[in-house]
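[1] need coordinates for the below:
(chains A and B)
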Number of protein chains: 2
Amino acid sequence: MQPSSMRPANPPDTHIASTGSYDYMPKTDRFHEDLTTDPALWCRDHRGKTYSLEEWIELTQSFHGYPAPGVVMGAKMVDIAMRRVPAGGLFDAVSETSKCLPDAVQLLTPCTTGNGWLRVVPFGRYALTLFDKHTGWGTRVYIDPALLDPYPETRYWFFGIKPKRKDKSDRLMDEIAQARERIYGVQAVRVTPELLSKNPSDQRAICPECREAYPAGHGPVCRGCQPETRYFFLRGA
Amino acid sequence: MQPSSMRPANPPDTHIASTGSYDYMPKTDRFHEDLTTDPALWCRDHRGKTYSLEEWIELTQSFHGYPAPGVVMGAKMVDIAMRRVPAGGLFDAVSETSKCLPDAVQLLTPCTTGNGWLRVVPFGRYALTLFDKHTGWGTRVYIDPALLDPYPETRYWFFGIKPKRKDKSDRLMDEIAQARERIYGVQAVRVTPELLSKNPSDQRAICPECREAYPAGHGPVCRGCQPETRYFFLRGA
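    Numbering: from 1, shown residues only, chains lettered A, B, ... in the order given. Next up, the predicted model:
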């Protein structure tokens, strides 16, 4: 999605054929790479704008509310995946967790929750996939637990033990910065056809209870008025 | 959430008591209001930053990818709801549709998909709720079909008939701008207790198939490796 002038000359690991398909062939389905990129840069967005680690932490704080380690790692993961997306192609995103990672995707790619190009699947795995929305071919990036041994604070964080002390959380961020690409696995994948089809807009009906419009296919009453799914009560009701 | 200096003096319809609870009491559970606000402004974010309609359309284009009418209306809906949120309190958000509305919430409030303060419930109703994350009291704003009669292009859009011709889509945006607050309903609500409880972090296990970490409560194998839920295949697999 970046203009070609913004992409590094001779990217070390991928070359995108003009057909839009990948012409690299991984020797295994999983491979790890220590990409040689400018150490002053942490990530770049789909328009080619680059961020240093400090700049990225600032943007994270502004959008996400706090400088979450998960969004800092997420940016590196998006960056790794985006380098493997055919330039100029349209891609969608999947985040396999709702925690942190979706915000890195939303800030760095064209994919957001509201435009439908980002989907969150509730797998609880710290992984994301960017895929060509026509062919379904794409790249999945995940945190690989087997690679965390040299990074003890990151390992604690990853297994749900959050640092409470300031020195520990500084140490975690130092480790993430130091590890760069080294803690992530990369896979070439193809998503299932269901992810490629657009949901046709359902015909809309007026709910007899709330008098609001809803997708007619949900039944005679909208989900907001069905006792099993309603999430609020009117004041006084 | 806005600094008090940014809020209009004597807001016409609400006054926030220092206890953090509302001291207005709507006469009915549903009420519509034509709020008298500066016509040059379209919305404002939780930090008090204001946007004209043109500025908001520009930000929508940048984040959402195109100037979607749903995000323009969504901003007005968030603005209406945010005026009723106790100042200084912490609030969460629910969007009852995944279409467009979540992006207005993410750009104007502290609530994002990745920080967990925004939830999307798949009701297909064009409505959002902001609620106090401790008490559950909040405000719901929705597009009221009964109020759309004077706005025919908006009505077509709302019932899923998208304008294909440029003059029609300009007309739609003109109508949205002209309608301002007049097409939305407002409700005082209390969300169900499930929305107030934080999901405790599940213990994590290593999946015997993919060797990645996942919430142990999902079963002996992670959801990504279960045939019913997996969404991709490895290249060559």
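[2] Validate this expectation: A:Arg171 resides in a helix.
    Yes: counting by DSSP: H, G, I helix; E, B strand; the rest coil, A:Arg171 falls inside a helix.
[3] okay, it and A:Ala177: tell me how far apart.
    11 Å (C-beta to C-beta, to the nearest Å). Every residue, glycine included, has its C-beta placed from N, CA and C.
[4] pLDDT weak spots in chain A?
    The model of chain A has pLDDT under 70 over residues A:1-37, A:162-164, A:236-237.
[5] ranges for the helices of it?
    A:53-64, A:69-82, A:101-108, A:152-158, A:166-179 (DSSP state H).
[6] packing partners for the fourth one?
    Just to be clear, that refers to helix A:152-158. helix A:166-179 (3 or more C-beta pairs under 8 Å, 6 or more residues apart in numbering or on different chains; DSSP states H and E).
[7] now for the helix it packs on, which elements pack on it?
    helix A:69-82, helix A:152-158.
[8] run the last query once more with 10 Å
    helix A:53-64, helix A:69-82, helix A:152-158 (3 or more C-beta pairs under 10 Å, 6 or more residues apart in numbering or on different chains; DSSP states H and E).
[9] give me the angle between the first one and helix A:101-108.
    The directions of helix A:53-64 and helix A:101-108 differ by 110 degrees, with axes from the mean of the first three to the mean of the last three C-alpha atoms, to 10 degrees as the criterion.
[10] buried sites along helix A:53-64?
    Across helix A:53-64, burial judged by 16 or more other C-beta atoms under 10 Å in any protein chain shown covers A:Leu53, A:Trp56, A:Ile57, A:Leu59, A:Thr60, A:Phe63, A:His64.
[11] what's the most distant pair in these?
    Maximum pairwise distance among the buried residues of helix A:53-64 (C-beta to C-beta): 16.0 Å, between A:Leu53 and A:Phe63.
[12] can I get the buried residues of helix A:53-64 in CSV including distance to chain B?
    Output for the buried residues of helix A:53-64, formatted as CSV (distance: C-beta to the nearest C-beta, whole Å):
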residue, distance to chain B
A:Leu53, 18
A:Trp56, 14
A:Ile57, 15
A:Leu59, 12
A:Thr60, 9
A:Phe63, 6
A:His64, 5
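[13] between these, which is closest to B:Asp79?
    A:Phe63 (19.0 Å).
[14] what's the spacing between the closest one and A:Trp42?
    15 Å.
[15] also A:Pro152?
    For A:Pro152 relative to A:Trp42 (C-beta to C-beta), the value is 22 Å.
[16] who has more neighbours, those two?
    A:Trp42 (22 against 12; other C-beta atoms under 10 Å in any protein chain shown).
[17] now stretch A:170-181, how far from the centre of its chain.
    Averaging C-alpha positions (C-alpha atoms, centre = their mean, to the nearest Å) puts stretch A:170-181 19 Å from its chain's average.
[18] swap in stretch A:194-207?
    The answer for stretch A:194-207 is 24 Å, by C-alpha atoms, centre = their mean.
[19] is it positioned near chain B?
    Yes: on the criterion C-beta under 10 Å from any C-beta of the partner chain, stretch A:194-207 is in touch with chain B at A:Glu194, A:Leu195, A:Asn199, A:Pro200, A:Ser201, A:Asp202, A:Gln203, A:Arg204, A:Ala205, A:Ile206, A:Cys207.
[20] tell me which two of the residues you listed sit farthest apart.
    A:Leu195 and A:Ile206 (31.6 Å).
[21] end to end on stretch A:201-216, go ahead and measure it.
    End-to-end distance of stretch A:201-216 (C-alpha to C-alpha, to the nearest Å): 10 Å.
[22] what comes up buried for it?
    Within stretch A:201-216, judged by 16+ other C-beta under 10 Å, the buried ones are A:Arg204, A:Ala205, A:Cys207, A:Cys210, A:Glu212, A:Ala213, A:Tyr214, A:Pro215.
[23] now the most centrally placed residue in chain A: how far from B:Tyr126?
    Centroid-nearest residue in chain A: A:Val105, 4.1 Å away (criterion: C-alpha atoms, centre = their mean). Noted for A:Val105: a distance of 24 Å to B:Tyr126, by C-beta to C-beta.
[24] can you give me the strands in chain A?
    A:30-31, A:43-44, A:50-51, A:91-95, A:118-120, A:127-132, A:137-143, A:184-191, A:204-206, A:213-215, A:232-234 (DSSP state E).
[25] among these, which is nearest B:Leu147?
    Of those, nearest to B:Leu147 by C-beta to C-beta is strand A:213-215, at 11.9 Å.
[26] partners of the closest one in the sheet?
    strand A:204-206 (antiparallel) (DSSP bridges).
[27] residues in contact with the strand it pairs with: which ones?
    A:212-222, B:124-126, B:145-146, B:158-161 (C-beta atoms under 10 Å, 6 or more residues apart in numbering or on different chains).
[28] among those residues, which ones are buried?
    A:Glu212, A:Ala213, A:Tyr214, A:Pro215, A:His218, A:Cys222, B:Gly124, B:Arg125, B:Tyr126, B:Pro145, B:Phe158.
[29] what's around the closest residue to A:Arg119 other than its chain neighbours, how many residues?
    Closest residue to A:Arg119 apart from its sequence neighbours, by C-beta to C-beta, 6 or more residues apart in numbering or on different chains: A:Val94 at 5.1 Å. For A:Val94, the tally of surrounding residues (other C-beta under 10 Å) stands at 24.
[30] if we can go back for a sec, now the strands of chain A in a markdown table, with distance to A:Met82?
    Compiled in a markdown table, the strands of chain A are given as follows (distance: least, C-beta to C-beta, whole Å):
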| stretch | distance to A:Met82 |
| --- | --- |
| strand A:30-31 | 17 |
| strand A:43-44 | 8 |
| strand A:50-51 | 12 |
| strand A:91-95 | 8 |
| strand A:118-120 | 14 |
| strand A:127-132 | 6 |
| strand A:137-143 | 8 |
| strand A:184-191 | 12 |
| strand A:204-206 | 36 |
| strand A:213-215 | 34 |
| strand A:232-234 | 39 |
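[31] quick one: contacts for A:Tyr151?
    A:Trp157, A:Phe158, A:Arg171, A:Leu172, A:Asp174, A:Glu175, A:Ile176, A:Gln178, A:Ala179, A:Arg182, A:Ile183.
[32] what sits closest to the third one if chain neighbours are left out?
    What sits nearest to A:Arg171 in space, not counting adjacent residues and going by C-beta to C-beta, 6+ apart, is A:Glu153, at 4.8 Å.
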